[in-house]
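[1] Return atomic coordinates for the entry below.
(4 chains)
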Protein chains: 2
Amino acid sequence: MTDGLDRVDRQILRILQREGRIPNVELAERVGLSPTATGERLRRLQKDGVITGFGARLDPQRLGLSLLVFVEVSLDKTTPDAFARFAAAVRRAPEVLECHMVGGGFDYLVKARVADMPAYRRFLGEGLLALPGVNNTRTYAVMEEVKSDGVLPL
Amino acid sequence: MTDGLDRVDRQILRILQREGRIPNVELAERVGLSPTATGERLRRLQKDGVITGFGARLDPQRLGLSLLVFVEVSLDKTTPDAFARFAAAVRRAPEVLECHMVGGGFDYLVKARVADMPAYRRFLGEGLLALPGVNNTRTYAVMEEVKSDGVLPL
DNA sequence: CGGTTTTGCCGCCGATTCTGCGGCCGACCC
DNA sequence: GGGTCGGCCGCAGAATCGGCGGCAAAACCG
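    Prediction:
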């Protein structure tokens, strides 16, 4: 059940990762199946949760979000529910694109986009550091995005 | 030209980020415009580069990629073209979802997905450490993905 | 301030795409 | 051999797409 994907399924996923809005008929002729069979596979892949959704890729620059930063966050270990409260607050913060709990020298790795350095200072001061339990942060500003697509290998 | 987006444009982008495959007619009635006008805006947003593409979101677990890791990479500063060669190699590596050049204690931050720890060891040894100019790496394994969508604020 | 251009929207309509249905074929199992 | 089942196909009605002409309000200009 976890991996009942044949060659055609994988090809469909590979195409849809990059061209999510391709019409079903064109997808069908690319994988060499009829539109009906292809649509059926697509529906099944969504129902089974392999495909969790579709989305538009936007250019952050054109939206005034020129600065990409990664922040390593350390929490006080004293309060046990601090983790849950931090996680909840982070999910509400629109600047935060991703947040991962990691094992190692710190607790959370946050990926965020803001307009510029002043905006980041504001986000750091009023957003992150204001959260209870936040002990220490270390910021890395991205100078160049070498690879950004995030396409999964198949 | 960089920011000629009105309220309706932003609403379109907000919807399409989460539901990229929504039919144009439904998008139209959600933003309160006719399908023709909505389609025209969509076409313009793509032509202007605000929308760079559409893609399917896949569940990494169901594809056998259960381990998400972040790797901080330091390069030898001796060879000046080492940066370009590292960047080129990283773009070819399928496990690497993202790679950013950062300012701070190290040079590159790499986000990668692999099947499990043995697969990561292989990727680290044969993929990253084999690259010329790589001086030092530090790995952080993700224990929990608190927020992963990467949706931009509008 | 009046006229003109521009811009953005709508309704319409032919072409394309989608989707549910019935039928076909090969694999598999008694 | 006979039955069952999963996967694919073709078809047809319904929905959607995309280009065209018209219209009204805003912007522009003399």
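[2] ok, is stretch A:103-116 in contact with chain B or not?
    Yes: using C-beta under 8 Å from any C-beta of the partner chain, stretch A:103-116 reaches chain B at A:103, A:104, A:105, A:108, A:109, A:111, A:113. All C-beta atoms are positioned from the backbone trio N, CA, C, and that covers glycine.
[3] Kindly reformat the residues you listed as CSV and extend each row with secondary structure, distance to DNA strand D and pLDDT.
    Formatted as CSV, these follow (DSSP: H, G, I helix; E, B strand; the rest coil; distance: C-beta to the nearest atom of the strand, whole Å; pLDDT from 0 to 100):
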residue, secondary structure, distance to DNA strand D, pLDDT
A:103, strand, 39, 92
A:104, coil, 43, 88
A:105, coil, 47, 89
A:108, strand, 40, 97
A:109, strand, 38, 98
A:111, strand, 32, 98
A:113, strand, 29, 98
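[4] Can you say which of the residues you listed are buried?
    Among the residues of stretch A:103-116 next to chain B, the ones that count as buried by 16 or more other C-beta atoms under 10 Å in any protein chain shown are A:108, A:109, A:111, A:113.
[5] Just send these back as JSON lines, with distance to residue A:143 too.
    Listed next are those as JSON lines, based on distance: C-beta to C-beta, whole Å:
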{"residue": "A:108", "distance to residue A:143": "22"}
{"residue": "A:109", "distance to residue A:143": "18"}
{"residue": "A:111", "distance to residue A:143": "15"}
{"residue": "A:113", "distance to residue A:143": "15"}
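[6] List just the nearest of the residues you listed to DNA strand C.
    residue A:113 (27.0 Å; C-beta to the nearest atom of the strand).
[7] excluding its backbone neighbours, what's nearest that closest one?
    Nearest residue to residue A:113 in three dimensions, chain neighbours excluded: residue A:65, at 4.3 Å (C-beta to C-beta, 6 or more residues apart in numbering or on different chains).
[8] which ones are touching that neighbour?
    The contact partners of residue A:65, taken as C-beta atoms under 8 Å, 6 or more residues apart in numbering or on different chains, are A:113, A:114, A:115, B:152, B:153.
[9] give me the beta-bridge partners of the closest residue to residue A:152 other than its chain neighbours?
    Of all residues not flanking residue A:152 in the chain, residue B:58 sits nearest, at 5.5 Å (C-beta to C-beta, 6+ apart). Beta-bridge partners for residue B:58, by DSSP bridges, are residue A:51.
[10] now swap in residue A:139 and tell me
    Under DSSP bridges, the beta-bridge partners of residue A:139 are residue A:71.
[11] Can you report how many residues lie near it?
    18 (other C-beta atoms under 10 Å in any protein chain shown).
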